[in-house]
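Visitor: Here's my sequence, what's the structure:
(one chain, ligands or ions: 1)
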Amino acid sequence: MTDAAFEIAFKNVFGRAPEGAWAAPGRVNLIGEHTDYNDGLVMPFALPHTTRAAVARRDDGLLRLHSADMDGGVVELPVADLAPGTTEGWARYPAAVLWTLRQAGHAIGGADIHYDSTVPVGGGLSSSAALQVVTALALTELHGVQGLSRQELALLCQSSENTYVGAPVGVMDQTASACCTEGHALHLDVRGLAQRQVPFDLAAEGLRLLVCDTRVKHAHADGAYGKLRAGCEAAAEVLGVPALRDVAYDGLQAALDALPDDRLRRLTRHVVTENQRVEEVLALLDAGRTREIGPVLTAGHVSLRDDFQVSCPELDLVVEAALAAGALGARMTGGGFGGSAIVLVEAADEAAVGAAVAAALPQVRQFATVPGPGARRLW
Ligand code: GLA
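Guide: Numbering: from 1, shown residues only. Sure, this is the predicted structure:
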């Protein structure tokens, strides 16, 4: 939908003109899975797919939300009544952002917001982070909030999901949506939040990256995430370190020997080796050896499947079919238990590998992608 059609869509819902429109992307994570809440390293990039928001302020204290992609019409919420646990469905995410901004002392009132999105919902591609970040960016810019960096915006969005929505997520997805830049992967060290934009120009190297959405989300996904996080924190406590990030790569065996049970050992081994894989991928990209990241991605999948145990049969099927058809590397991306896999292929092998994946899992929805820009004002 063009910008003009999007503006008309807002007018059709709210009967007046919007003051502006913003967009924020979904993401894929290249490497560094389940490391963010362990104070570790991640390397996501933004998808060209975005969630857009057309917005106009209101002075009567109402937040009115409408999405072109969701049933149920306009959701109307008095801003003064917003409180954790009180909002249902997709509207929880924008309501959480507004509540969190106000809790942080920003004088933000009501608004009319119309959304649409090309980020596949439920595909593990951070459609909810895109919704949070586009809302936060639009509201802070419209209200002239000064001095809030993109990283701080992402932290506020994460906090809104932790507190208001009640999901104990890390900060990777919101940071990717807020801070990524076109043509780059974002290397983020979650401890200290140092960022580096790493050139990731697949086309120039004759490579393609396929995103394969399995279109499954296993029911236990939400509760499982919290248990994994708690397990990692328990392991760090036994080891006497602030976070699993603090286990040195060459101290891994000693750490494993010190842990009391197999589950904590598996979680620890994944997190420590995954941080190491992020460093490996970074070094290979810096050296212009992009093809060679393939086996590192695949090793990441094996670790998520066998040690962290967050893969599922559909993701394993996609990865195995892609590798058997000649992919350079493949792994699940995001939280797991369904969602999407990424596949790195030679451009010449794209069609054959795509066909092999589709034959293995007919329901798969796949597309080739490149790193797109982060959140921005459209007009
Ligand atoms: C989800 C969370 C992120 C991160 C990933 C796993 O996407 O929102 O914070 O923990 O899972 O890497």
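
Visitor: Which secondary structure state does D213 sit in?
Guide: Secondary structure assignment for D213 (DSSP: H, G, I helix; E, B strand; the rest coil): strand.

Visitor: For it, give me its contacts.
Guide: Residues in contact with D213 (Cβ atoms under 8 Å, 6 or more residues apart in numbering) are 120, 123-125, 339-340, 364-366. Yep, even glycine has a C-beta here, placed from its N, CA and C like the rest.

Visitor: filter those residues to the buried ones?
Guide: Neighbour counting over those (16 or more other Cβ atoms under 10 Å) leaves 120, 123-125, 339-340, 364, 366 as the buried ones.

Visitor: Can you lay out the contacts of D213 as TSV showing secondary structure and distance to the ligand?
Guide: Shown next, in TSV, are these (DSSP: H, G, I helix; E, B strand; the rest coil; distance: Cβ to the nearest ligand atom, whole Å):
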residue	secondary structure	distance to the ligand
P120	coil	14
G123	coil	11
G124	coil	7
L125	coil	9
G339	strand	9
S340	strand	11
V364	coil	20
R365	strand	19
Q366	strand	20
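
Visitor: Excluding chain neighbours, what is closest to the residue most central in space within the chain?
Guide: Geometric centre of the chain, nearest residue: D173, 3.1 Å, by Cα atoms, centre = their mean. Leaving aside its chain neighbours, D173 sits nearest to A129 (3.7 Å; criterion: Cβ to Cβ, 6 or more residues apart in numbering).

Visitor: Secondary structure element holding that neighbour?
Guide: For A129, the element it lies in under DSSP states H and E is helix 127-142.

Visitor: With G231 instead?
Guide: Under the criterion of DSSP H and E, G231 resides in helix 221-239.

Visitor: any idea whether R27 is helix, strand or coil?
Guide: When classified by three-state DSSP, R27 comes out as strand.

Visitor: At the contact with the ligand, which residues of the stretch 151-300 of the chain appear?
Guide: With Cβ under 6 Å from any ligand atom as the criterion, the stretch 151-300 of the chain meets the ligand at residues 169-170, 172-173.

Visitor: of all these, which comes closest to I113?
Guide: Distances from I113 to these, taken as Cβ to Cβ, are shortest for D173 (20.2 Å).

Visitor: in stretch 9-16, what's buried?
Guide: For stretch 9-16, by 16+ other Cβ under 10 Å, it's 9-10, 13-14.

Visitor: Distance to P295, pLDDT and secondary structure added to those, as a markdown table?
Guide: A markdown table is the format used below for the buried residues of stretch 9-16 (distance: Cβ to Cβ, whole Å; pLDDT from 0 to 100; DSSP: H, G, I helix; E, B strand; the rest coil):
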| residue | distance to P295 | pLDDT | secondary structure |
| --- | --- | --- | --- |
| A9 | 46 | 97 | helix |
| F10 | 48 | 98 | helix |
| V13 | 49 | 98 | helix |
| F14 | 52 | 98 | helix |
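
Visitor: could I get those as CSV with distance to the ligand?
Guide: As requested, these are exported to CSV (distance: Cβ to the nearest ligand atom, whole Å):
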residue, distance to the ligand
A9, 29
F10, 29
V13, 29
F14, 31
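
Visitor: any idea which of the residues you listed is closest to M70?
Guide: Ranked by distance to M70 (Cβ to Cβ), those are led by V13 at 12.3 Å.

Visitor: tell me the secondary structure for the residue lying closest to the closest one once chain neighbours are set aside?
Guide: Of all residues not flanking V13 in the chain, H66 sits nearest, at 4.8 Å (Cβ to Cβ, 6+ apart). Recorded secondary structure, H66: strand (three-state DSSP).

Visitor: related to what we said a few turns ago, show only the entries of the residues of the stretch 151-300 of the chain next to the ligand found in helices.
Guide: 172-173 (DSSP state H).

Visitor: Which among the residues of the stretch 151-300 of the chain next to the ligand count as buried?
Guide: Neighbour counting over those (16+ other Cβ under 10 Å) leaves 169-170, 172-173 as the buried ones.

Visitor: Test my guess that R150 contacts A176.
Guide: No. Counting by Cβ atoms under 8 Å, R150 sits too far from A176 to count as a contact (10.8 Å).

Visitor: Find residues that contact each of the two.
Guide: Residues touching both R150 and A176 (Cβ under 8 Å, 6+ apart): G374.

Visitor: ok, back up a step: pull the contacting residues for the residue nearest to V13.
Guide: Residues in contact with H66 (Cβ under 8 Å, 6+ apart) are 13-14, 73-75, 112-115.

Visitor: how much space between it and P18?
Guide: Separation of H66 from P18 (Cβ to Cβ, to the nearest Å) stands at 12 Å.

Visitor: picking up where we left off before, partner residues bridging the residue nearest to V13?
Guide: Applying DSSP bridges to H66 gives these bridge partners: H114.

Visitor: Single out the residue in the stretch 1-150 of the chain that lies closest to the ligand.
Guide: Distances between the stretch 1-150 of the chain and the ligand by Cβ to the nearest ligand atom are smallest at E33, namely 4.0 Å.

Visitor: residues near that residue, how many?
Guide: 28 (other Cβ atoms under 10 Å).

Visitor: Assign it to helix, strand or coil.
Guide: When classified by three-state DSSP, E33 comes out as coil.

Visitor: Correct me if wrong: it contacts V271.
Guide: No. If you go by Cβ under 8 Å, E33 and V271 don't touch, sitting 9.4 Å apart.

Visitor: Can you work out which residues contact both of those two?
Guide: Counting by Cβ under 8 Å, 6+ apart, E33 and V271 have no common neighbour.

Visitor: hmm, back to that, okay if I get the buried residues of stretch 9-16 as CSV plus distance to T50?
Guide: Listed next are the buried residues of stretch 9-16 as CSV, based on distance: Cβ to Cβ, whole Å:
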residue, distance to T50
A9, 15
F10, 16
V13, 19
F14, 21
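
Visitor: Helix, strand or coil: sort out D71 for me.
Guide: Here D71 is recorded as coil under three-state DSSP.
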